[in-house]
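Engineer: Provided below for reference: sequence and predicted model.
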Amino acid sequence: MKLAGVNYLGDLPTLVASKNQLFKKYQLDVDVSFNHSGKQSLEALRAGKVDFALVSPTAFTLDKLVNAKNERQDNEPVILGNLLHSTLMNQILTTSNGKKNQTVTDLTGGRIGLVKGTNSEYLWWIYSVFYQVNTKKIDIIDLPISELGRALMDGKVDAIVTWQPWTNHFIAEYGDQLQQVEGSHVYTAKWLLITSRQMAEQKPQQCQQLLMAYGDAINLIHSDTEVVMDLYTTDVRQNAILGQNYLPGLHQLNLNWSLISELHQNIQWAKLNNFPGADKPIDVTSWFAPEPLEAVQPYLVKIPMIRSEENQ
């Protein structure tokens with residue numbers, strides 16, 4: 001089996017499971033690769049290049065909306081579990097020179113660099129709503145994650161929306177020339193393990209084994225945090241990503257109402273921004289494949305099992 005993870009601190013359980021042979025512990029032969037974003041991993045799943053992928057709720061939601069009319073039920077991506085509930089994954093950075101952008105409100109009239117189609121675009125909207133920023137007075141500049149720091153230093157943008165490990169990478173690269181804009185704590189990141197409907201229904205045992213491996217990885221993060229974070233720092237450096245002093249987020253394996261709420265909020269953002277497919281009635285419970293997780297840890301599944309008509 002093939003699994004596409006992401007070079008992202010929120011995807012720490014995938015790295016831990018892979019490096020500690022936890023997939024093999026459950027008789028799984030998993031070829032693990034890591035992309036720069038969950039959007040790329042989801043595209044690999046859609047293309048049939050991998051069997052499982054890790055992705056943010058935003059990238060997953062936008063994909064489901066745009067493909068709703070042409071979805072093949074056996075091939076549609078579905079959610080097996082959420083692995084994260086953390087406010088430590090995403091940050092807004094600006095320069096410490098020139099204009100003092102100490103809060104999100106100070107960025108009014110500026111240019112924001114981010115990766116469109118990822119949760120960075122969505123969470124910028126969260127920031128702007130929370131701090132009542134007039135988004136019509138903000139220019140969004142779409143850039144690859146690896147180019148955001150240089151764009152900020154060159155004055156092409158006034159602030160960047162980034163995620164770990166890239167936040168610490170940019171801080172390590174540019175030092176005290178950067179500062180974090182207050183307000184990043186208002187967004188709580190989640191991180192989804194997804195597969196195709198066909199895989200979930202035809203190979204439930206493999207899905208269950210995979211979830212058990214992730215459960216063990218999360219337990220290891222909690223019980224041996226220092227060793228795990230040293231492992232993470234070493235791994236990102238091998239990928240030419242600088243930085244240190246990473247802090248793990250709150251990793252939990254579950255399917256619950258907070259994820260449903262997050263998906264609905266993503267849909268509301270998509271509607272307000274006229275994303276394709278966002279104007280149609282949506283049943284988010286159809287996006288889940290809870291049976292594998294329910295089979296191994298039933299108390300971790302706290303979502304409705306009967307699909308209902310949703311219009312949000």
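Structural biologist: Arrived safely, thanks for sending.

Engineer: all contacts plus neighbour counts: C-alpha atoms, from now on.
Structural biologist: OK.

Engineer: quick one: the strands in the chain?
Structural biologist: In the chain, the strands defined using DSSP state E lie at 2-6, 31-35, 52-55, 77-84, 90-95, 111-114, 139-142, 159-163, 178-180, 192-196, 251-254.

Engineer: how about the second one: buried residues?
Structural biologist: In other words, strand 31-35. 32, 33, 34 (16 or more other C-alpha atoms under 10 Å).

Engineer: Pick the most deeply packed of the strands of the chain.
Structural biologist: Highest mean neighbour count among the strands of the chain (mean count of other C-alpha atoms under 10 Å): strand 52-55, with a mean of 29.

Engineer: okay, that strand in CSV with CA atoms only?
Structural biologist: Listed next in CSV are the C-alpha coordinates belonging to strand 52-55 (Å, rounded to 0.1, in the frame of the first residue of the first chain):
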residue,chain,number,x,y,z
PHE,A,52,-4.2,6.8,1.7
ALA,A,53,-3.4,10.4,2.2
LEU,A,54,-3.2,13.1,4.9
VAL,A,55,-4.9,16.4,4.3
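
Engineer: What mean pLDDT does it get?
Structural biologist: Across strand 52-55, the average pLDDT comes to 98.

Engineer: Same check on stretch 116-128?
Structural biologist: Mean predicted confidence for stretch 116-128 is 89.

Engineer: do the same with stretch 72-82
Structural biologist: 89.

Engineer: Tell me how many other residues surround residue 304.
Structural biologist: By other C-alpha atoms under 10 Å, 12 other residues sit near residue 304.

Engineer: which residues touch it?
Structural biologist: residue 285 (C-alpha atoms under 8 Å, 6 or more residues apart in numbering).

Engineer: tell me the centre residue of the protein?
Structural biologist: residue 56 (2.9 Å; C-alpha atoms, centre = their mean).

Engineer: Can you name the residues that contact that residue?
Structural biologist: 38, 39, 118, 119, 190, 191, 192.

Engineer: Of all the strands of the chain, which one is nearest residue 66?
Structural biologist: strand 77-84 (12.6 Å; C-alpha to C-alpha).

Engineer: can you list the residues that contact the closest one?
Structural biologist: 10, 13, 45-46, 64, 189-197, 207, 211, 249-255, 259, 287-290, 292-293.

Engineer: Go again with 7 Å.
Structural biologist: Applying C-alpha atoms under 7 Å, 6 or more residues apart in numbering, the contact partners of strand 77-84 are 10, 189-197, 250-255, 287-290, 293.

Engineer: What is the neighbour count of residue 233?
Structural biologist: Neighbours of residue 233 under the rule other C-alpha under 10 Å: 18.

Engineer: Listing request: residues of the stretch 51-200 of the chain with sub-threshold pLDDT.
Structural biologist: Regions of the stretch 51-200 of the chain meeting the criterion pLDDT under 70 cover residues 98-102, 183-184.

Engineer: With distance to residue 123 added, can I get the strands of the chain in TSV?
Structural biologist: As requested, those are exported to TSV (distance: least, C-alpha to C-alpha, whole Å):
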stretch	distance to residue 123
strand 2-6	18
strand 31-35	20
strand 52-55	15
strand 77-84	16
strand 90-95	9
strand 111-114	10
strand 139-142	13
strand 159-163	8
strand 178-180	15
strand 192-196	16
strand 251-254	20
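
Engineer: Distance check, the closest residue to residue 173 other than its chain neighbours against residue 153.
Structural biologist: Nearest non-adjacent residue to residue 173, counting by C-alpha to C-alpha, 6 or more residues apart in numbering: residue 242, 7.2 Å away. With distances taken as C-alpha to C-alpha, to the nearest Å, residue 242 is found 17 Å from residue 153.

Engineer: again with residue 252
Structural biologist: 36 Å.

Engineer: Same question for residue 191.
Structural biologist: Residue 191 is 30 Å from residue 153, by C-alpha to C-alpha.

Engineer: Please say which of these two ends up with more neighbours.
Structural biologist: residue 191 (23 against 17).

Engineer: who touches that one in this structure?
Structural biologist: Per C-alpha under 7 Å, 6+ apart, neighbours of residue 191: 10, 54, 55, 56, 57, 82, 83, 84.

Engineer: Please identify which of these is nearest to residue 203.
Structural biologist: Looking across these and measuring by C-alpha to C-alpha, the closest to residue 203 is residue 54, at 18.4 Å.

Engineer: which residues does the closest one bridge with?
Structural biologist: residue 193 (DSSP bridges).

Engineer: Was I right to think it contacts residue 193?
Structural biologist: Yes: with contact defined as C-alpha atoms under 7 Å, residue 54 reaches residue 193; the gap is 4.8 Å.
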